[in-house]
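Student: Turn this into a structure:
(chains A and B)
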Amino acid sequence: MPKLGRKIGTFVTGTSLVKLILRQKSDQEFELGQLFVAGKDRNDYSIYQIKDLYYGSQIPENVLELMAGYGLERDNSDFKVYEPELRNYALALARPLIHVKGNQRFIPKKLPSFFSDTFEIDDGHLEFFKEEKLENPLTIGKIRSGSKVLETEVKLEAAQVLSHHVLIPATTGRGKSNLVKTILYNLMENEQCGKLVFDPHNEYYGAATQKGLKDHPKSLEYLKYFTIRDFPGKLDLKFNFKGLYPSHIVGTLNFTPPQKDALFTYYKKYRKNWIEKIFDENTTTPEGVQEVTISVIRRKLTLLLDVETDETGKVVKERGTYTLSTHETTIDSIINFLMEGKTVVVDSSLFSSSEEIFMATIIVDGLFKKYKNLKYEDKLGDKPVITIVLEEAPRVIGQKVLEAGENVFGKIAREGRKFKIGLIAITQLPSLIPREILANMNTKIILGNEMGPERRTLIDSSAQDLSDDYQTIASLDIGEAILTSNFTKFAIPIKIPLFEHLVEDKTATSITDKKIKTKSPGF
Amino acid sequence: MNVKIAHVSDVHLGAWRNERLNELGFRAFQKTIEAIIEEKVDFVIISGDLYDVSNPNVEVVDLATKLLKELNDHDIAVYGVMGSHDFSPSNKSMMRPLITAGLFSDVSKGIMTKENKISLEFTVDPKTKIKLTGLRARKRSLEIEDYHILDRKALEDEKGPKIFVFHTMMSELKPKEFKDMISAPKSLLPQGFDYYAGGHLHKLLPERLKEKSFKLKINQKNNIIYPGAIFPTDFRELERMKSGGFCLISGDMIENNLTLEAEFKPIKVIDIENILLDCANKSVLEVKGSLEQELYNRELQDKIVTIRIFGQLSFGKSYEIKSNDIIQMCKDKGAYDVLINKNALTTEEYESISIPVGKTNEEIETALIKEHATKVKISNFSSLTMEDKIHQLLNNLGEERQIGTKVLTYNKDLEQTVRNIFEIPKSKE
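Tutor: Numbers count the residues shown, from 1 in each chain, chains lettered A, B, ... in the order given. Now for the predicted structure:
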């Protein structure tokens, strides 16, 4: 019978199936979050996780205190405990995560037998992760047992996970941007998923001194970078007025009901030229719209679109991201790249938060309409899933924002999966997102978070029962995470690789099989 | 010093199978050359696709030689690059004789350096001392890869007035109706040139140049111009463009500083009459009636007539709408030529298949291959690589067996070509 591994402890008792108590073997050091196994053999065992640790002793507590006093107060105390490994020990509170029997996995329902031994976990116990044949794998990280990292990688079916939304809750400095970069890097060549990334800190693409997605060996083919910065290979982050709809603007600026009506009236009358007509003082004000209303709208639009007009209302200077003459296909290009499974990074770092949301709304609205149409035409089947990476997600899917009026991100959060569009929502404050949307986010990659209410929110909305991980979440170090998902059998403790290492490894392997272009016809 | 440059693009000599339409294309080029000579320009830039294919027939080469020779006789030099249609990777383009004869100066010259960079050379126009360089195109815009390995610094550091000639669509300038066209980021163009002479797009850009007597000041924000084709090259362009033209770039050069402005010179060789006929819920008889009415109401004398018939017939079959009858009706009214497009005409009796309206055969082929490439998995080829390989395969399968080549040799060569394309090692037998 194959052995289960190295013995590390023994079950002693327990107050329920999810609160089992085991005693640590004297040469071992139990850790919070550590995984271990117990069972008959390598074909029939359960995986457990340590949820809490405390002391155990055969000596009464007042005697222990007295003994500690001897050590503290007497200089030459030769006081010793007889057979200390038997009398003083560590106890751990543990719960079962999964039961493995042959090729099958079950949610544990049975208690381990009295005094059954527990063993150190190794990659052999996690073979079932490798056996799962995934068509489109998304690698998140390696399985972690406490602070020890195993070799087994955690992979999920990318299309399924991404269309059902992913939440990444984390406070600053816990490895959030490293995690997102890792996910995007691993997905770069996956043509079954289009990746749209709004990057308010310009940290994903990379720079001369900072590694980023541009360092992927296939980035020329698969990565598209839209920015207003100037450098070779970037695409202009500019939009033509004709691509804007009243709904984009209503969702960004505060308008009174008559002003909103006026916007829609202009659009109804002038269609693609509606903004130009609002600026044009020679345009007859449509019936039912007050001249003063239009003046206010003009002023607000001038600020939002960052343009300068002359006395007739003709746009004479376009200082910002919006233009009348060119860039007619920016939105189409972004959508086409996404439909080819590419990664589109939109550098919004040089814009204010409201400008960024306005721009994101224009793009995502176009994408949502396109996918909705494809669905109605029954042509969505072979199109890639689109995932939208959004930082500080409560800005668009927060309770208060959604109460003020529905927006395209809210729609995607609620019904995006029907149209193969999902969000990767990043936030420090998940509690600001409505419960039903949090519940819709079927995968959560929880990084360290010290804020109690936020941890509570996460525990309450997780796919698996994390009720005894309240403390563990606070103690997660940089790069350590808990992956909880409707698509995994249990909440998996993981370690996310350091992005820089990932790039180095990939570059090293790609150099050997990369064909370097040494000729181009005509040169 | 005054400078005057004619910027011509996408002539596509020999683009039509229909000889009468080809003749009009020739006439448009002839008129362009006459206008250029009349304008007394210093030199001409042709930004790609003078020919429609790299090995056109002798009439096409003969005409091109004759007209470029006329420019040469008037001491007007011609600079340019080869386009996606007339460049040949094996250096077998019929542009070569024109280059050898000194009638066309290819400015896409340079070397591949040891560092795998393309280092372009400048060609200096002796009259104006303006420096020209550029990048030729390849099929399916494969030249975009080359932009990534251009030695930009050397180009940008070059002092003096300079012009960059290219045949690639720039993403940011792409008009809405060309949204699916392969394009490159504008930022890939080397910076600091006085003028960027673009080709490939068969539409004038910036569009405002079409306004009568409008002159565009060339500055840092407006220095990329696509003159568009001089004559339509397919059915859709006959509908959209009507006619083409070239751009006249003129201005002053004071101590190496160029101040330029651009204006558009239309070239019209014929009037075009477009008829659109929606057949939705109509029977064949009703369609015929509507068409007769349309033709009766229109003036067709000496015009090209395009008729696009689309929609789903409620009764009857599409072939019952006889093209020959329609052509005869138009000819009876004096039409120069008639083109009919029934690609998007369907009948209820057949299951509908989706044919993108208004796409050229080449575009449909490219789209189908693109779609197919995502579904086929060979080795670890990405869909983009697969796409390229399918194109290569089709091109090679299109090569006919040369006279004198044995069938066995031809078959063996073909097998080897297919092996090379898909990187299949030779079997051991």
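Student: do the helix or strand harbouring B:Ala154 and chain A meet?
Tutor: If you go by DSSP states H and E, B:Ala154 is part of helix B:152-157. Yes. Judged by CB under 8 Å from any CB of the partner chain, helix B:152-157 comes into contact with chain A at B:Arg152. In this view, the C-beta of every residue, glycine as well, is placed from N, C-alpha and C.
Student: ok, and what's touching that helix?
Tutor: In this structure, residues lying in contact with helix B:152-157 by CB atoms under 8 Å, 6 or more residues apart in numbering or on different chains are A:Pro232, B:Ser119, B:Leu120, B:Thr133, B:Phe164, B:Pro190, B:Gln191, B:Gly192.
Student: Next secondary structure after it?
Tutor: With elements assigned by DSSP H and E, the helix or strand that comes after helix B:152-157 is strand B:162-166.
Student: That following strand close to chain A?
Tutor: No. For a cut-off given as CB under 8 Å from any CB, strand B:162-166 has no contacts with chain A; the smallest distance is 13.4 Å.
Student: center of chain A - which residue?
Tutor: Nearest residue to the geometric centre of chain A (CA atoms, centre = their mean): A:Ile168, 3.7 Å.
Student: would you say that one is within a helix?
Tutor: No. Looking at A:Ile168 with DSSP: H, G, I helix; E, B strand; the rest coil, it is strand, so not inside a helix.
Student: element containing the closest residue to it other than its chain neighbours?
Tutor: Spatial nearest neighbour of A:Ile168, chain neighbours left out: A:Ile426 (4.6 Å); criterion: CB to CB, 6 or more residues apart in numbering or on different chains. Counting by DSSP H and E, the element that carries A:Ile426 is strand A:421-427.
Student: pLDDT at the residue in the stretch 401-523 of chain A that chain B sits nearest to, what is it?
Tutor: As assessed by CB to the nearest CB, chain B sits closest to A:Pro521 within the stretch 401-523 of chain A, at 3.6 Å. For A:Pro521, the model assigns a pLDDT of 88.
Student: before we move on, what about B:Leu394?
Tutor: For B:Leu394, the predicted pLDDT is 85.
Student: mind listing what it touches?
Tutor: Contacts of B:Leu394 (CB under 8 Å, 6+ apart): B:Glu365, B:Ile369.
Student: element containing it, please.
Tutor: Assigned by DSSP H and E, B:Leu394 falls in helix B:383-397.
Student: could you point out which element follows that helix?
Tutor: Once helix B:383-397 ends, the next helix or strand along the chain (criterion: DSSP H and E) is helix B:407-421.
Student: for that next one, the distance to its chain's centre please.
Tutor: Relative to its chain's centre, helix B:407-421 lies at 32 Å (CA atoms, centre = their mean, to the nearest Å).
Student: pLDDT at the closest residue to chain A within the stretch 301-429 of chain B, what is it?
Tutor: Chain A sits closest to B:Ser383 of the stretch 301-429 of chain B, with a gap of 5.6 Å, by CB to the nearest CB. If you check B:Ser383, the pLDDT there is 76.
Student: buried sites along the helix holding B:Ala154?
Tutor: Residues of helix B:152-157 classed as buried: B:Arg152, B:Ala154, B:Leu155 (neighbour count, 16 or more other CB atoms under 10 Å in any protein chain shown).
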